[in-house]
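> fold the following and give me the result.
(2 chains)
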Protein chains: 2
Amino acid sequence: MIIKKLLVATWLASAATAAGAAAPTLADREKALDASVSAPEQMAWLKQMASAPNHVGSAHDKANAEFLLSQYKAWGWDAKIEEFEVLYPTPLSTTLELVAPKPVKLGGQEPTIPEDATSANLKDALPPYVAFQGDGDVTADVVYVNYGLPQDYAALARRGISVKGKIALARYGGGWRGLKPKLAQEQGAVGALIYSDPANDGYATADTYPNGGGRPSTGVQRGSVADMTTYPGDPGTPGTGSIKGARRIDRKDAVTIMKIPTLPISYGDAMKIFATLGGPIVPDNFRGALPITYRTGGDGKTQLHLAVKSDWSLKPIYNVIATMKGKDRPDEWVVRGNHHDGWVFGAADPLSGNVAMLSEAKALGQLARAGWRPSRTIVYTSWDAEEPMLLGSTEWAETHEAELKAKAIIYINTDGNGRGFLGAEGSHQYQHLVNQVAADVKDPQTGASVLDRARAKLRADAFDGGRVDAGELKAAEAGGDLPLGPLGSGSDYSSFLQHVGVPSLNIGFGGEGESAGSYHSIYDSYDHFVRFDDPGLAYGAVLSKFVGRVVLRIADADTPPVRFTDLATTVRMYLGEVKELIDSRRKQDDKRSALIAADSFRLASDPQAPVAAPVAEAPTPVIELAALDNAVGRLEAAAKAYDAAYAAKGASLDAGKRAKLNAALLGIDQALLIPEGLPGRDWYRHALYAPGRFTGYGAKTLPGVREAVEERRFGDANLYAGRTAAALDRLSAKLDAARAIIN
Amino acid sequence: MIIKKLLVATWLASAATAAGAAAPTLADREKALDASVSAPEQMAWLKQMASAPNHVGSAHDKANAEFLLSQYKAWGWDAKIEEFEVLYPTPLSTTLELVAPKPVKLGGQEPTIPEDATSANLKDALPPYVAFQGDGDVTADVVYVNYGLPQDYAALARRGISVKGKIALARYGGGWRGLKPKLAQEQGAVGALIYSDPANDGYATADTYPNGGGRPSTGVQRGSVADMTTYPGDPGTPGTGSIKGARRIDRKDAVTIMKIPTLPISYGDAMKIFATLGGPIVPDNFRGALPITYRTGGDGKTQLHLAVKSDWSLKPIYNVIATMKGKDRPDEWVVRGNHHDGWVFGAADPLSGNVAMLSEAKALGQLARAGWRPSRTIVYTSWDAEEPMLLGSTEWAETHEAELKAKAIIYINTDGNGRGFLGAEGSHQYQHLVNQVAADVKDPQTGASVLDRARAKLRADAFDGGRVDAGELKAAEAGGDLPLGPLGSGSDYSSFLQHVGVPSLNIGFGGEGESAGSYHSIYDSYDHFVRFDDPGLAYGAVLSKFVGRVVLRIADADTPPVRFTDLATTVRMYLGEVKELIDSRRKQDDKRSALIAADSFRLASDPQAPVAAPVAEAPTPVIELAALDNAVGRLEAAAKAYDAAYAAKGASLDAGKRAKLNAALLGIDQALLIPEGLPGRDWYRHALYAPGRFTGYGAKTLPGVREAVEERRFGDANLYAGRTAAALDRLSAKLDAARAIIN
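Below is the predicted model:
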């Protein structure tokens, strides 16, 4: 560590000296970035920040914010803490016990594991709970609902099983956590439990902690169940910042708070409940890895007592905001963020990403100390209260919405990080930039570029029979750019992208570590992280080098390095998918009708375990997509023309044209916001990307149309095909205007 | 039961009385068959025959043969027992124990379950073992090899794991049992264990016995591991009948006997072994449902002692052969069979099928007593020693090969039967007949025809996302005939079809019962069967009605009801599959080479759990298929012409032409036998159907070509494309000759 620091200092000194002769190039700055990033330093930060529970409202959460503030300041950043006051319920009591067939106590805090140092330090930790569930006290029978998603309830209904008046027992996975109590309450359940099946992150995936990183039988995944799919942030201040004293809606009117008591449980506890369940054997896709015949329950023999009582007081949260003013374009912002609050110790989630971000900030500070200033303003943000529902970033973005709309070029997010492969999602005009950086950053385990490693993974997985996205595989085989994934939700980019219209990226490494097994539990610790998730934080260092490059290349570019043809091509692909969806839905509708008419479902069903026909549905109609199709065509043409013009003349623009062009591009993505918002959830405005109403974290693209088709809201499908077309047309017009400046 | 008997007797009496006025029609005979079949009677037979262990050499096996003989005789059949003397090893001692990391005794007899009456009656039962394993005494480390098939060893090799000098632990399923020790010994293993994973037939599929029909943790699947894929029957008399005193090859020269000691074990025991295994975590498709992280083992920490010693003396077996001579065509035989030996009590396998056959024989006897005689000779056969390797049927067919070639029209097989859906496999010229019968027989649970129920199952499963064969689904959707499956091996049709060239059918019901959980264990009992497999033997009765119709319709037809276009269409489809196989292989070969060249497998691999590149292979060459393609074309034309001629004039042939035509059709399938036999296994001669060399029970169609491509024996592929074409041409020529008789 000392040697590395010396080398950096030497280089910086010589760079500074040389500056007089020839200004350091971007390549020089990236070399300095690489030299400054220290994995051992990240390990030290991680150990300190993850040394005590740091959930919202905890002493160590505030201490971490203050530590971050002091670091940014020490590195020369203009840093401050922006405080908000948010609704954040914490459990006063959680009760879970089997009453019948015989009494068994369940639930409670996860136990200390001797090999995991911080698991003995639970004084300030909260017991397993899910934030924004609905307090209550119920005793009822239990029904196992698999992932608790719409298709699961449909499968249960065909077997004559309902959760009405019962407690829904769902397993984690398949869709976002918060959908499980939401759909359970819509189905009439009086309570909900969510457990971690060993098939998903336990012994089926890895040896269990502490022998391996897999979730032990006592591990519990905490989390938020606020209805993110309607709006994130403080349930009491939708669309506005919850600064101290802000006007708040009444808690009972906050639609994103659940109505039924809900707790997360371990598979050790779940096994005890399953052992009591009767009813039919579950459909195959409901089965997990517990050593038992999974049954639906609901036959009245089980009685479970579930009670949760919370402290619903407002709590302060601490966003750390650090700014480095741009020398040429101070009113163009590159915003970079990662949250700092965890559920308990939060080593992997979020601190592994936060310490990587710290390394970037330190390197940029050192560059600045050596004489460099960014062309644009760089804003590093460390969010509080991401875990309960993106509170820190959402309240900040809502508070600063106008300024962000006027100034923000891009928001670049990271979150928990680990060993493995590059994952990158975001606004597709930045797809080529991300690929360029991926070609320049080396994977620490193989020495290949992280891009080549990602390509190899796609190709080898496909060869070995793994499920691989066809488009990604095609790109990997062609050796071209890999596509960015679309952004759904689950981290702090959501407000920037989907509410304010700031292009966003979300970047991280993973796939080889075992942090799934500690996710949101007390075992997400430093010990777990350095043994099983990213030993030596090799990938923490890579993340810093990667994102540091993205920041530098955007902040110092004459004009942001965008390529709109990538966006247009992607939208064309999405439209193709929606067309296929409509066709396949219609075919499926016809098939269903034919099978119902032929009584095929009854004949196919085992009379000893009957499965009724699915509910009949009228055929999916033809949707009016012509305007949308034309708008995509117009966007393709406008994007192609803009990119060609910039490629031809972009490097040689005079200062006046440059300023006009940059002004024209700033905020161009806001064209993609639909003023009315998406159907039933007007906080979400982006025409291209949204968290799925029934997937949650998973993105839905062209959501106004796609989800309307999926949910059989055919009027909405026609309406939003038009609104989406109008958004694309606005973007095309702005691109045409930008191109006109160049020519 | 008494009432039903009275009704039958009444009908038969009136039919006999009426015979003077108008001869009973086929429909009358089928009505009499239905009236005679009694499920309660089948239950009584089943209870008696399954009351004691009836494996080869047991007292009750012989008693069952004598009981069957007495029944056939009582019903007026010309019945006898044909005895053979076969090599059939029985275990003298079986030893299994963990030596390291600490001593644990494993293995031994399955325990009594109070709810299962016969499980207390184990005096004459053999302990769990597999017949024709290689005696030995070894102590070695253990490697888990998944299903123990070639692709599993390839996956292990890529992870640096070998079974050389170790004991292979395989799970049942994925391919035929006997392949597991065979491939293990080829890979250098010194011993093998085969266990029943709960994912395959235990708690993952049903509640475990006695709560449900699923395999309990103590249940063990016995079975034969003789190398069926080379030849079935007595290992000492390949190709000839093992009548008493027959010439035998030396035991050490019998290639179908395994060389390494092998035992089957329960998952209770397997769990104790898995708990000791280190090494890498297994590939996903190796995982079963045990509550543990599956690892490969092979790291030297486990030591297992495995020893088997057998009595290799010859044992007598008792085939029951009952004949009803045909009145018009006594030298044309319809042969019907089901075996009677079980591994222990054998209630489901085979007695459920045998008692259904008994009902048919009784009904035919009653018809004969009422004055009817079949046009052709009907031969009912109840085989002994099917379980150890189709010994009874194979030795009989080899003994009577010349007579069968001269006289046998068809062999119709059944085996264990259960609740659920029709399953039918066999020679495709009988596809339409089977469908006609399926349209005429009612499913007892739904009242629909078993054909309509089978069609509904295919369509509903496909709608609900199940894996359904595309050809079968298309047929079901069109409402046409459902395709017969091709015959591989695993029951007594093998010699008839694949060695002698007698067209064969194999018919049974299943899919809703839970007999998989008792298969080949002491729990395959009357109690298990009537609770979980076919309560009330409703499907036993249906099987009798179904197969009885097939027998009657063939035995009394003027000319066997065949439709060769179905055969030709099926062969055309097989050829299409082989062409696709060759193309996809070549593409896969190219892809593999490209990925190896790009080092993609290394880059994609987790360095902490490395997976090396697969072995490089030269591209699959173009195979010479023109002659085969032309031969299929010629067969299509010949079949179409024959079927058209018969449809036009078949009903009005004079006696002379009829006799000539029937003579021309008798033995016509022998044209499809390849004189040289299949590559490396000349006992198997059929050009269209064979048990797969690496699937076992599963059929390979056009096996000489298809398997040669799969196994990269490209010389064989070219050679057998020609030989298969020649076989098809011979059939076409015979069809042309038969057509000429009609015209």
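
> up against chain B, what does the stretch 101-250 of chain A have?
By the rule CB under 8 Å from any CB of the partner chain, the part of the stretch 101-250 of chain A lying against chain B is A:198, A:203, A:204, A:205, A:206, A:207, A:208, A:212, A:214. Every residue, glycine included, has its C-beta placed from N, CA and C.

> can you pick the most crowded of these?
Neighbour counts for these, by other CB atoms under 10 Å in any protein chain shown, peak at residue A:198, which reaches 29 neighbours.

> check contacts around that one.
A:204, A:205, A:214, A:215, A:217, A:267, A:288, A:289, A:290, B:291 (CB atoms under 8 Å, 6 or more residues apart in numbering or on different chains).

> which pLDDT does the model give the last one?
So the one you mean is residue B:291. For residue B:291, the pLDDT comes out at 98.

> any idea how far it is from residue A:217?
9 Å (CB to CB, to the nearest Å).

> strand partners (parallel or antiparallel) of the one helix or strand residue A:381 maps to?
Counting by DSSP states H and E, the element that carries residue A:381 is strand A:376-383. Using DSSP bridges, the strands paired with strand A:376-383 in its sheet are strand A:314-324 (antiparallel), strand A:329-339 (parallel).

> now those strands in JSON lines, with distance to residue A:404?
Listed next are the strands paired with strand A:376-383 as JSON lines, based on distance: least, CB to CB, whole Å:
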{"stretch": "strand A:314-324", "distance to residue A:404": "12"}
{"stretch": "strand A:329-339", "distance to residue A:404": "8"}
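
> remind me, longest helix of chain A?
helix A:564-597 (DSSP state H).

> buried ones in it?
A:564-571, A:574-575, A:578, A:581-582, A:585, A:589, A:592, A:595-596 (16 or more other CB atoms under 10 Å in any protein chain shown).

> what's the neighbour count on the closest residue to residue A:163 other than its chain neighbours?
Distance criterion CB to CB, 6 or more residues apart in numbering or on different chains; nearest residue to residue A:163, sequence neighbours excluded, is residue A:189 at 4.1 Å. Residues lying near residue A:189 (other CB under 10 Å) number 29.

> ok, residue A:189 - contacts?
By CB under 8 Å, 6+ apart, the residues touching residue A:189 are A:143, A:163, A:164, A:165, A:166, A:167, A:168, A:260.

> again with residue A:609
A:159, A:280, A:281.

> try 10 Å
A:159, A:280, A:281, B:512 (CB atoms under 10 Å, 6 or more residues apart in numbering or on different chains).

> likewise for residue A:538?
Residue A:538 neighbours (CB under 10 Å, 6+ apart): A:39, A:42, A:419, A:443, A:444, A:445, A:509.

> what helix or strand is residue A:627 on?
Going by DSSP H and E, residue A:627 is in helix A:626-649.

> quick check: mean pLDDT of that helix?
Throughout helix A:626-649, pLDDT has a mean value of 98.

> what about it, distance to the chain center?
30 Å (CA atoms, centre = their mean, to the nearest Å).

> how about that helix: buried residues?
Under 16+ other CB under 10 Å, the buried positions of helix A:626-649 are A:627-628, A:631-632, A:634-636, A:638-643, A:645-646.

> surely residue A:546 meets residue A:509?
Yes: using CB atoms under 10 Å, residue A:546 makes contact with residue A:509 at a distance of 8.2 Å.

> which residues do these two both contact?
Common neighbours of residue A:546 and residue A:509 (CB under 10 Å, 6+ apart) are A:356, A:414, A:422, A:424, A:450, A:539.

> quick check, pLDDT for the second one.
pLDDT, residue A:414: 98.

> surely it meets residue A:349?
No: under the criterion of CB under 10 Å, residue A:414 makes no contact with residue A:349, lying 11.1 Å away.

> common neighbours of the two, please.
With CB under 10 Å, 6+ apart as the test, residue A:414 and residue A:349 both reach A:339, A:491.

> tell me how many other residues surround the closest residue to residue A:314 other than its chain neighbours.
Distance criterion CB to CB, 6+ apart; nearest residue to residue A:314, sequence neighbours excluded, is residue A:85 at 4.9 Å. Residues lying near residue A:85 (other CB under 10 Å) number 19.

> looking at this, residue A:85 is in a helix?
No: secondary structure of residue A:85 (DSSP: H, G, I helix; E, B strand; the rest coil): strand, not part of a helix.

> pLDDT at the nearest residue in space to residue A:213 that is not next to it in sequence, what is it?
Closest residue to residue A:213 apart from its sequence neighbours, by CB to CB, 6+ apart: residue A:514 at 2.5 Å. Residue A:514 carries a pLDDT value of 95.

> likewise for residue A:485?
97.

> that one: neighbour count?
Residue A:485, neighbours per other CB under 10 Å, totals 18.

> quick check, it in contact with residue A:422.
No: taking contacts as CB under 10 Å, residue A:485 lies outside contact range of residue A:422: 11.2 Å.

> rewinding a little: which of the strands paired with strand A:376-383 sits most buried?
Mean neighbour count (mean count of other CB atoms under 10 Å in any protein chain shown) peaks for strand A:329-339 among the strands paired with strand A:376-383, with a mean of 24.

> could I have the CA atoms of it written out in CSV?
Only the C-alpha atoms of strand A:329-339 are listed here, as CSV (Å, rounded to 0.1, in the frame of the first residue of the first chain):
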residue,chain,number,x,y,z
ARG,A,329,-18.9,24.1,-18.4
PRO,A,330,-19.7,24.4,-14.7
ASP,A,331,-23.4,24.2,-15.4
GLU,A,332,-23.2,20.8,-17.0
TRP,A,333,-23.1,18.1,-14.3
VAL,A,334,-21.8,14.6,-14.3
VAL,A,335,-23.5,13.0,-11.3
ARG,A,336,-22.1,9.9,-9.7
GLY,A,337,-23.7,7.9,-6.9
ASN,A,338,-23.8,4.9,-4.6
HIS,A,339,-25.7,4.6,-1.4
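
> mean confidence (pLDDT) on it, please.
98.

> quick check: next helix or strand after it?
helix A:353-369.

> that older thread, got any residues that touch both of residue B:291 and residue A:217?
A:198, A:202, A:203, A:267, A:271, A:290.

> which two in those residues are spaced the farthest apart?
Largest separation among the shared contacts of residue B:291 and residue A:217 by CB to CB: A:203 and A:271, giving 12.3 Å.

> where do the contact lists of the two overlap?
With CB under 10 Å, 6+ apart, residue A:203 and residue A:271 have common neighbours A:217, B:291.

> mind putting the contacts of residue A:609 in a markdown table, distance to residue A:740 and neighbour count included?
Formatted as a markdown table, the contacts of residue A:609 follow (distance: CB to CB, whole Å; neighbours: other CB atoms under 10 Å in any protein chain shown):
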| residue | distance to residue A:740 | neighbour count |
| --- | --- | --- |
| A:159 | 62 | 19 |
| A:280 | 66 | 19 |
| A:281 | 66 | 19 |
| B:512 | 71 | 18 |
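
> for the residues you listed, which one is nearest residue A:253?
For these, the residue nearest residue A:253 by CB to CB is residue A:159; the value is 36.9 Å.
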